[in-house]
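Trainee: Provided below for reference: sequence and predicted model.
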Amino acid sequence: FWLKVQTFPKRSFNIVSDTMVAGRVLVSLVVGLTISSHEAIQVRTAVNPIRRVVNLLQEMAKKVTEEGDAEKGLYERFECYCKTSGEDLKKNIEEGSSSMTETGTNIEASQGTIVQLKSELAQAQQSRTEAKAAAATALALDKKARAAFEGQSSDLLAN
């Protein structure tokens, strides 16, 4: 081993000093190699343009995959919505068409009822007019009869 401590009576102070210097150099060398190897790795990846392109492509592929998964989920939700809403629309259309037929029938029946009620109203108005005329003639006859009764009554009372 190259670091042997030799003891010399005259140079004992220098040997310790030389040993300390050698230790410091060794520690500095180890630290320097560690730092330089770490920097070399960083420099190699930072300097290598192919590596940067590969890293960029890998990141882009990851983003595209994530976006594809998100779009697939949205597509499946939309597809499910289309299926269920399509069935609901068909059901509503069928109900609407049957309702239209029923409404058309109800309108025709209502129009028939309107015609019937109008004729009944006309008959009722005519009957009312006839009843008023009959009441007026009855009132006139009653007034005549009353006047005749009062005339006879006053003659009889006077006699």
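Mentor: Now that the structure is in, tell me what you want to look at.
Trainee: Tell me which stretches of this structure form helices.
Mentor: Remark: helices of the chain, listed N- to C-terminal, are 12-47, 49-158; assignment by DSSP state H.
Trainee: Save those helices as a markdown table, and put in mean pLDDT too.
Mentor: What follows is these, written out as a markdown table (pLDDT from 0 to 100):
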| stretch | mean pLDDT |
| --- | --- |
| helix 12-47 | 63 |
| helix 49-158 | 91 |
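Trainee: Tabulate those helices in JSON lines, adding columns for mean neighbour count.
Mentor: Using the backbone N, CA and C atoms, a C-beta is placed for each residue, glycine as well. Formatted as JSON lines, the entries for the helices of the chain read as follows, by neighbours: other C-beta atoms under 10 Å:
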{"stretch": "helix 12-47", "mean neighbour count": "11"}
{"stretch": "helix 49-158", "mean neighbour count": "10"}
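Trainee: domains of this protein?
Mentor: According to automatic domain parsing, the chain comprises the domains 1-47, 48-153.
Trainee: could you redo those domains as TSV and give each row distance to N159?
Mentor: Conversion of the domains of the chain to TSV gives the following (distance: least, C-beta to C-beta, whole Å):
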stretch	distance to N159
domain 1-47	152
domain 48-153	11
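Trainee: Tell me how far stretch 137-147 lies from the chain's centre.
Mentor: Once both centres are worked out by C-alpha atoms, centre = their mean, to the nearest Å, stretch 137-147 turns out to sit 82 Å from its chain's centre.
Trainee: what does that stretch contact?
Mentor: Applying C-beta atoms under 8 Å, 6 or more residues apart in numbering, the set of residues contacting stretch 137-147 from outside is empty.
Trainee: Alpha carbons of that stretch, in PDB - could you do that?
Mentor: Provided in PDB are the C-alpha atoms of stretch 137-147 (Å, rounded to 0.1, in the frame of the first residue of the first chain):
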ATOM      1  CA  THR A 137    -151.400  37.400 -24.700                       C
ATOM      2  CA  ALA A 138    -152.300  35.700 -21.500                       C
ATOM      3  CA  LEU A 139    -151.500  38.900 -19.600                       C
ATOM      4  CA  ALA A 140    -153.600  40.900 -22.100                       C
ATOM      5  CA  LEU A 141    -156.500  38.500 -21.700                       C
ATOM      6  CA  ASP A 142    -156.100  38.700 -17.900                       C
ATOM      7  CA  LYS A 143    -156.200  42.500 -18.000                       C
ATOM      8  CA  LYS A 144    -159.300  42.400 -20.200                       C
ATOM      9  CA  ALA A 145    -160.900  39.800 -17.900                       C
ATOM     10  CA  ARG A 146    -160.000  41.900 -14.900                       C
ATOM     11  CA  ALA A 147    -161.300  45.100 -16.400                       C
END
